[in-house]
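Could you work out the structure for the sequence below:
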Amino acid sequence: MRRPAFLAIFTIAGLTVAVAALGKAALAGDSPDPLAQATPPPALESIPVSNETCLGCHGVPGLVLPLENGENLVLYVSPQEFADSIHGQRGYACMQCHTTVGDYPHPSFSAADVRDASLQLYQACRRCHASQYAQTQDSVHAAAMQTGNRNAAICTDCHTAHATRQLTDPATHQLLSESRSWIPQTCAQCHSAIYEKYLTSVHGAALQAEGNLDVPTCIDCHGVHNIEDPTTAAFRLNSPMICAGCHTNPEIMDKYGISTQVLETYVADFHGTTVILFEKQHPEAETNKPVCYDCHGVHDIKRPDDPEKGLQVRSNLLARCQVCHPDATANFPDAWLSHYIPSPQKAPLVYTVNLFYKIFIPGVLGSMAILVALDAGSALRRRFRARRAAPELLTMEAEDAQTTPAAGDLPGDEAVASSDEASSQEETGFEPPVPPSADQGEPAEPYEPPAEAGPGEEIRPAQEAEPPQAPDSPANDQPEEGAPHG
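Below is the predicted model:
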């Protein structure tokens, strides 16, 4: 009895376990385990962050971030300023510059001070403006930054971060009229003392007070992004070409009756010629020759014809002249005829002298050149004729040598009397007297011309020579008195 009961209990227990296992399997099929899946489900797409989302927080005034040194980094962005900026007008999103703060809460950001934060954040500009960023690396500002000057200008110092203005016309790419007045004010943030001088100059007063767009602003002389160091020799040597950019333009200068011959008259002068040669051949070499701003000033340029301020130009001229000419007096600069070429109306005396020498010097040199050319041509013709006649002369000399008798064939010793003596007599017209001949009973003596009397002297007759003794004369055999006998 016990055995059938045990089998019944075992059977019921097995059925219970089987039913429980089947139920668990059914429940597992309804909720599968993600780790057991071969392919994970697709991830949810990131929700795009709009500018309105960002401005929901950053458009509230007073939003700041405390920094390590206790300063507060202002995180407020004016919605209206951003909408009016060139970035806002073109529909750029905040996330295109601030690429690391898409999630909220934002990743941590640390900076030593406000300037350190600006130096970190302005690197975003290079993503879209790589060319301009590269130019800034060659500028005087980047050089100052490399020496440790953290206050040197960066992109956001001039263009701002969220209120960047439209500076150029999209069609012509020329500066807008309002941009020309903005530029000096932008530079004044760092160069305030220079800006004050510029406001009183002929250029600054015309721009800021009169709205004259023809006058230069800071970037016309110094450049935009690749600003050079104005204290270098290269900048000094190139400065006349900078000024010539406007002052040789008739379209601008004719409006104000200003000479466009400034560069021509400067280069024609010894000083200007030297500066231009240095700039072309040795741009890094120092030169003490004056350039435009030595006489006219740099940022405080005045009108030369101004009855009050124009005196400054004359004082600058004299001071600059005395650097190389220490003995120069007040009238020394008057030798400079300004930037006008002499004409019958302006400096007529200088014009007349120049005209005279322009005619006289070429006339003299041209006449000398003609004489030299004629003489050289005549010499060449004679040489050419002599070369052509040389064979004929050789033939004639050979014929004369065959027909002329030898010197030994002439009668007597007079055969030696050459034709040279005859030709000499013909040329001089002098025929020496013939000495007495031996046929007259007298021996031939060499002829001696009569001596000429000196002052206060008389001519004495020549002593007659004793006739020579005959060879056979016995007197020749007698020894002289007192002579020893042989």
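
Gly366: neighbour count?
10 (other CB atoms under 10 Å). For glycine as for every other residue, the C-beta is placed from the backbone atoms N, C-alpha and C.

For it, which residues are in contact?
Contact analysis of Gly366 by CB atoms under 8 Å, 6 or more residues apart in numbering lists nothing.

Could you count how many residues lie near Pro184?
Using other CB under 10 Å, Pro184 has 20 other residues around it.

what separates the one helix or strand it maps to from the chain centre, distance-wise?
Using DSSP states H and E, Pro184 sits in helix 177-187. For helix 177-187, the gap between its own C-alpha mean and the chain's C-alpha mean amounts to 30 Å (CA atoms, centre = their mean, to the nearest Å).

Next secondary structure element downstream of it?
helix 192-200.

Identify each buried residue in the helix or strand following that following helix, please.
Sequence-wise, the next helix or strand downstream of helix 192-200 (DSSP H and E) is helix 202-208. Under the neighbour-count criterion of 16 or more other CB atoms under 10 Å, helix 202-208 has Val202, His203, Gly204, Ala206, Leu207, Gln208 buried.

Can you name every helix or strand that whatever helix or strand comes next after helix 202-208 contacts?
Following helix 202-208 in sequence order, the next helix or strand is helix 218-222 (DSSP H and E). Secondary-structure packing of helix 218-222 (3 or more CB pairs under 8 Å, 6 or more residues apart in numbering; DSSP states H and E): helix 177-187, helix 233-247.

So which elements touch the shortest one?
Read that as helix 177-187. Applying 3+ CB pairs under 8 Å, 6+ apart, one finds that helix 177-187 makes contact with helix 192-200, helix 202-208, helix 218-222.

Redo those helices as JSON lines? Include mean pLDDT.
Formatted as JSON lines, those follow (pLDDT from 0 to 100):
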{"stretch": "helix 192-200", "mean pLDDT": "94"}
{"stretch": "helix 202-208", "mean pLDDT": "91"}
{"stretch": "helix 218-222", "mean pLDDT": "94"}
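
now those helices in a markdown table, with distance to Gln312?
Shown next, in a markdown table, are the helices and strands packed on helix 177-187 (distance: least, CB to CB, whole Å):
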| stretch | distance to Gln312 |
| --- | --- |
| helix 192-200 | 11 |
| helix 202-208 | 11 |
| helix 218-222 | 20 |
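
Report the separation between Pro105 and Cys57.
Pro105 sits 11 Å away from Cys57, going by CB to CB, to the nearest Å.

Who has more neighbours out of these two?
Cys57 (13 against 6).

could you dump whichever strand or helix holds that one to CSV, C-alpha only?
Following DSSP H and E, one finds Cys57 within helix 51-58. Coordinates of each C-alpha in helix 51-58 appear next as CSV, following Å, rounded to 0.1, in the frame of the first residue of the first chain:
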residue,chain,number,x,y,z
ASN,A,51,18.4,79.5,-29.9
GLU,A,52,15.2,80.1,-28.1
THR,A,53,16.0,77.3,-25.7
CYS,A,54,19.4,78.8,-25.0
LEU,A,55,18.0,82.3,-24.5
GLY,A,56,15.4,80.9,-22.1
CYS,A,57,18.2,81.0,-19.6
HIS,A,58,20.9,83.2,-21.1
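
quick one on the thing from earlier: tabulate the helices and strands packed on helix 218-222 (TSV), appending distance to Val275 and mean pLDDT.
Shown next, in TSV, are the helices and strands packed on helix 218-222 (distance: least, CB to CB, whole Å; pLDDT from 0 to 100):
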stretch	distance to Val275	mean pLDDT
helix 177-187	27	91
helix 233-247	6	92
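
want to try a markdown table for those, with distance to Pro344 as columns?
Formatted as a markdown table, the helices and strands packed on helix 218-222 follow (distance: least, CB to CB, whole Å):
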| stretch | distance to Pro344 |
| --- | --- |
| helix 177-187 | 40 |
| helix 233-247 | 24 |
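
closest one to Gln261 among the ones you listed?
Closest approach to Gln261 among the helices and strands packed on helix 218-222 is made by helix 233-247 (9.2 Å; CB to CB).

list the buried ones in stretch 351-361?
Buried-residue list, stretch 351-361, by 16+ other CB under 10 Å: empty.

Give the rounded mean pLDDT of that stretch.
For stretch 351-361, mean pLDDT rounds to 92.

Mind naming the longest helix for the protein?
Secondary structure of the chain read by DSSP state H shows that its longest helix is helix 348-403.

can you pull the contacts of Leu63?
Cys57, Val74, Leu75, Tyr76.

Which of those sits closest to Pro240?
Closest approach between the contacts of Leu63 and Pro240, by CB to CB: Val74, at 45.6 Å.

Beta-bridge partners for that closest one, please?
Val64 (DSSP bridges).

How much space separates it from Gln185?
Val74 is 21 Å from Gln185, by CB to CB.

again, but for Leu371
Leu371 is 71 Å from Gln185, by CB to CB.

List the buried residues for the helix holding Cys57?
For helix 51-58, using 16+ other CB under 10 Å, the buried residues are Asn51, Cys54, Leu55, His58.

got it, and stretch 254-263?
For stretch 254-263, the neighbour count (16+ other CB under 10 Å) marks Thr260, Gln261, Val262, Leu263 as buried.

Ok, stretch 229-243 next?
Judged by neighbour count (16+ other CB under 10 Å), stretch 229-243 contains these buried residues: Phe235, Arg236, Leu237, Ser239, Pro240, Ile242, Cys243.
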